[in-house]
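In: My questions concern the predicted model and sequence given below.
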Amino acid sequence: MAAASCATGGPAATGRPSRSAPTPSPPSSTPSRPGTRRARRSTARSPSARTSAISVGSPSATRPTGSRSGTRRRPSSTDSPATSASSSAGPRCGAVSRGPPRPSACSPSTRTARSTCAPTPRATSPSSTRRSTPPRATACGSRRSSASASSDAAARPPPARRFGAGGPAWHDGPVTDTLWTYAVIGLVVLLVAGGVVVGLLRGRGGATAPEREAPEAPGTPGPSDADLAPDGSIGTIEHPGEVVEDEPEAPPATPAAPAVEAPEAPAGRLRRLRARLARSNTALGKGLLALLAGGKLDEAGWEEVEDTLLAADLGVAASTELVEALRTRVAVEGAQDETAVRRMLREELLRLVDPAMDRSLADERVDGRPACVLVVGVNGTGKTTTVGKLARVLVAQDKDVVLGAADTFRAAAADQLETWGGRVGVPTIRSDRDGADPASVAFDAVRAAAELEADVVLVDTAGRLQNKVGLMDELGKVKRVIEKQSPVDEVLLVLDATTGQNGMKQAEVFSQVVGITGIVLTKLDGTAKGGIVVAVQRALGVPVKLVGLGEGPDDLAPFDPEAFVDAIVE
Ligand SMILES: Nc1nc2c(ncn2[C@@H]2O[C@H](COP(=O)(O)OP(=O)(O)OP(=O)(O)O)[C@@H](O)[C@H]2O)c(=O)[nH]1
């Protein structure tokens, strides 16, 4: 046991570099990244963690303590293996070898008296043999002068003779016998005392609080195999008289993986949301129906119909056109009941909304690459929310989606988008730095989507007023940079329906800068101005493709002209 302690405790045995002082080593690079799970794992498994785990339950006999001792005393090249083997641990071996017993054991008087104790039974016992055999002789010999060693050799008979038959030839008489006996007894007492001291030191090492270890340099070897339990873990370390068990290692606290949601299928969403649309557009629908079904309309009545349409943001041209169409039909078909009026109104509104427009989204891979969708608009219209909701629509259609957080202006936008994506298991490409170049982030997102072989990448951009030339130029650059890698298949302009005709001006400028291909009308749940759908489509010649009807995650619906008109007239 002692020999084993020395072997594992000495610096040479551990392979650890000797340190002249236990100064803290520089921190390793791994713990400098605690935020990451990998880093947490690394920290949990780091050498310092392991050694501190050993220190908690380990006494001086364990390798770490031996290692620390090793830093205090570098083993001398003159230390023989026997010296180590005869002591407990490296440094302690040295301390014991320098203690009082050795000089007295090796003193000339003792050597002279040795001949007198030859016949004692203790001298022939195995333990006596261990104590008196080469190890200690070597230790003593390292201190003796060569002259005294040679005189000692001359005066001393061979050990076999001394302790074997106890040959009388070198018996000098009773006085010498007595001195020899005392010397041997003294030697034995000192050895026993030394053993007790070593034992106490070890026992105390196990009882005291573990010393705090200096952090180890990266690459410092971890616990040796001797420190490891059969299963490879750092296990119990036994000491005389006590068994210290490692506390069962608590499983690493892994954050609960957020549940991935299953978004609602997009088909029929608008029908579910129709009540919200109808509630907001009650004035339009009910007002028109009341006027039209009230009997033959005079000029004032028709003006009232037109005002109602304008109030719903249908726009002057569309409103005038609708009134003309209705007047013609009433004149031709005669006075109608409410059901017939409703049908007539529905047909004329639907014609204005133009169901023939292509409202499909670019959400399929094109020419072996992901479809690329850029989302633009003024501040606060709901772009980020729309990108998040649209990701859900696409996931519900079993598409592989990647999000690009190119809104680097608003600090929380990337986090907001990442949260949306995380809920449906969609990755978000973002910059860690606020104010990063949005074109660069957009480029990275498109490249990542290509590498991931996604179906579609949705790139969110910062809100900007259409009259800020610098910001509009920046948006143009975002698109151009993306196009160095992939065509932009869809540019969605997000318009807040509550802004009414103001949105028309936005749409025109954005369209000039980045070429709008589709419109998302948000916040239609909170406005009676559903007529904007018609107005904006007519002004830009691009279809409304999606409508937002609430703040809920699935409150974005593909625009369905029939459902939209039904919600108005029913
Ligand atoms: N009622 C309602 N609220 C909506 C709708 N769409 C978005 N919002 C809300 O509009 C607010 C602004 O949404 P954001 O997505 O942050 O707007 P943004 O355009 O990204 O904002 P900027 O990045 O500052 O330009 C949020 O409170 C959304 O919940 C909608 O269809 N209906």
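Out: Noted; the coordinates are in hand.
In: Just the closest residue of the stretch 151-300 of the chain to the ligand, please.
Out: residue 276 (9.0 Å; Cβ to the nearest ligand atom). For the C-beta atoms, the positions are set from N, CA and C on the backbone; glycine is no exception.
In: That residue: what's it in contact with?
Out: Applying Cβ atoms under 8 Å, 6 or more residues apart in numbering, we find residue 276 in contact with 524, 525, 549, 550.
In: try 6 Å
Out: 525, 549 (Cβ atoms under 6 Å, 6 or more residues apart in numbering).
In: what's the helix or strand for it?
Out: Here residue 276 sits within helix 274-280, counting by DSSP states H and E.
In: and what of residue 372?
Out: If you go by DSSP H and E, residue 372 is part of strand 371-376.
In: what's the pLDDT at the closest residue to residue 326 other than its chain neighbours?
Out: Distance criterion Cβ to Cβ, 6 or more residues apart in numbering; nearest residue to residue 326, sequence neighbours excluded, is residue 348 at 6.0 Å. Predicted confidence (pLDDT) for residue 348: 91.
In: what's the helix or strand for residue 495?
Out: Element membership of residue 495, judged by DSSP H and E, is strand 490-496.
In: try residue 457
Out: Counting by DSSP H and E, residue 457 is part of strand 456-461.
In: what about residue 355, neighbour count?
Out: 13 (other Cβ atoms under 10 Å).
In: How about it: what's its closest non-neighbour residue?
Out: Closest residue in space to residue 355, ignoring its immediate chain neighbours: residue 561 at 4.3 Å, by Cβ to Cβ, 6+ apart.
In: what does the stretch 251-400 of the chain have sitting close to the ligand?
Out: Contacts of the stretch 251-400 of the chain with the ligand, taken as Cβ under 6 Å from any ligand atom, map to 377, 379, 380, 381, 382, 383, 384, 385.
In: that's a strand at residue 392, yeah?
Out: No - secondary structure of residue 392 (DSSP: H, G, I helix; E, B strand; the rest coil): helix, not part of a strand.
In: wait, what's in contact with the closest residue to it other than its chain neighbours?
Out: Counting by Cβ to Cβ, 6+ apart, residue 263 is the residue found nearest to residue 392 once chain neighbours are left out, at 3.7 Å. Counting by Cβ under 6 Å, 6+ apart, residue 263 makes contact with 392, 395, 396, 554.
In: name the element residue 263 belongs to?
Out: Secondary structure assignment for residue 263, by DSSP H and E: no helix or strand.
In: quick one: it and residue 189, what's the gap?
Out: Remark: distance between residue 263 and residue 189 (Cβ to Cβ, to the nearest Å) = 86 Å.
In: Same check on residue 423?
Out: Applying Cβ to Cβ to residue 423 and residue 189 gives a distance of 79 Å.
In: Spell out which parts of the protein neighbour the ligand.
Out: 377, 379-385, 407, 410, 413, 462-463, 522-523, 525-526, 548-551, 555.
In: Quick one: neighbours of the residue nearest to residue 355, just the number.
Out: Residue 561 - counted by other Cβ under 10 Å - has 23 other residues nearby.
In: isn't it right next to residue 352, touching?
Out: No - under the criterion of Cβ atoms under 6 Å, residue 561 makes no contact with residue 352, lying 9.4 Å away.
In: in what helix or strand does the residue found closest to residue 466 once you drop the neighbours it is linked to in the chain lie?
Out: Sequence neighbours aside, residue 509 is the residue nearest to residue 466 in space, at 3.6 Å (criterion: Cβ to Cβ, 6+ apart). Per DSSP H and E: residue 509 is located in helix 502-514.
In: what angle separates that helix from strand 371-376?
Out: Angle, helix 502-514 to strand 371-376, by axes from the mean of the first three to the mean of the last three Cα atoms, to 10 degrees: 130 degrees.
In: and the angle for helix 502-514 with strand 490-496?
Out: Orientation check (the same axes, to 10 degrees): helix 502-514 against strand 490-496 gives 160 degrees.
In: From the structure, what's the count of residues near residue 262?
Out: Other residues within reach of residue 262, judged by other Cβ under 10 Å, total 10.
In: so how far is residue 269 from it?
Out: Going from residue 262 to residue 269 by Cβ to Cβ gives 14 Å.
In: follow-up on the earlier one: tell me the secondary structure at the residue nearest to residue 326.
Out: For residue 348, the assignment made with three-state DSSP gives helix.
In: Quick check: the gap between it and the ligand.
Out: Using Cβ to the nearest ligand atom, to the nearest Å, one gets 27 Å for the distance from residue 348 to the ligand.
In: What's the local residue count around that residue?
Out: That count, for residue 348 with other Cβ under 10 Å as the rule, works out to 20.
In: Residue 549 now?
Out: 26.
In: now do residue 505
Out: Neighbour tally, residue 505, other Cβ under 10 Å: 14.
In: and if you look at residue 409?
Out: Neighbourhood size, residue 409 [other Cβ under 10 Å]: 17.
In: Contact partners for it?
Out: residue 462.
In: try 8 Å
Out: Residue 409 neighbours (Cβ under 8 Å, 6+ apart): 434, 435, 438, 462, 463.
In: which of those count as buried?
Out: Buried by 16 or more other Cβ atoms under 10 Å: 438, 462, 463, out of the contacts of residue 409.
In: does the last one count as helix, strand or coil?
Out: In other words, residue 463. In three-state terms, and counting by three-state DSSP, residue 463 is coil.
In: I figured it hits residue 382, correct?
Out: No - in this structure residue 463 lies outside contact range of residue 382 using Cβ atoms under 8 Å: 9.6 Å.
In: any low-confidence regions in the chain?
Out: Confidence mapping of the chain against pLDDT under 70 gives the ranges 1-176, 199-248, 250-258, 278-283, 295-296, 335-336.
In: before we move on, back to that, wait, doesn't the residue nearest to residue 326 sit right on residue 324?
Out: No - using Cβ under 8 Å, residue 348 is not in contact with residue 324; the gap is 9.7 Å.
In: these two touch, right, residue 287 and residue 308?
Out: Yes - using Cβ under 8 Å, residue 287 is in contact with residue 308, at 4.6 Å.
In: Residue 523 reaches residue 494, doesn't it?
Out: No - checked against Cβ under 8 Å, the pair residue 523 and residue 494 is beyond contact range at 10.1 Å.
In: Neighbour count for those two, which is higher?
Out: Ranked by neighbour count (other Cβ under 10 Å), residue 523 and residue 494 place residue 494 first, with 28 against 21.
In: Please tell me how far that one sits from residue 396.
Out: Taking Cβ to Cβ as the measure, residue 494 falls 20 Å from residue 396.
In: helices or strands next to the helix or strand containing residue 565 in the packing?
Out: Per DSSP H and E: residue 565 is located in helix 561-569. In terms of contacts (3 or more Cβ pairs under 8 Å, 6 or more residues apart in numbering; DSSP states H and E), helix 561-569 is packed against helix 269-272, helix 274-280, helix 282-292, helix 338-353.
In: Name the surrounding residues that touch the longest one.
Out: Right, the one you point to is helix 338-353. Counting by Cβ under 8 Å, 6+ apart, 288-289, 292-293, 314, 318, 321-322, 325-326, 329-330, 333, 336, 533-534, 537, 561-562, 564-566, 568-570 sit against helix 338-353.
In: Can you mark which positions in stretch 412-421 are buried?
Out: 413, 414, 416, 417, 418, 420, 421.
In: got a list of what the fourth one touches?
Out: Just to be clear, that refers to residue 417. By Cβ under 8 Å, 6+ apart, residue 417 lies in contact with 384, 387, 388, 403, 405, 407, 428, 430, 460.
In: Run through the residues that contact the first one.
Out: The neighbours of residue 384, taking Cβ under 8 Å, 6+ apart as the test, are 407, 413, 416, 417, 420, 460.
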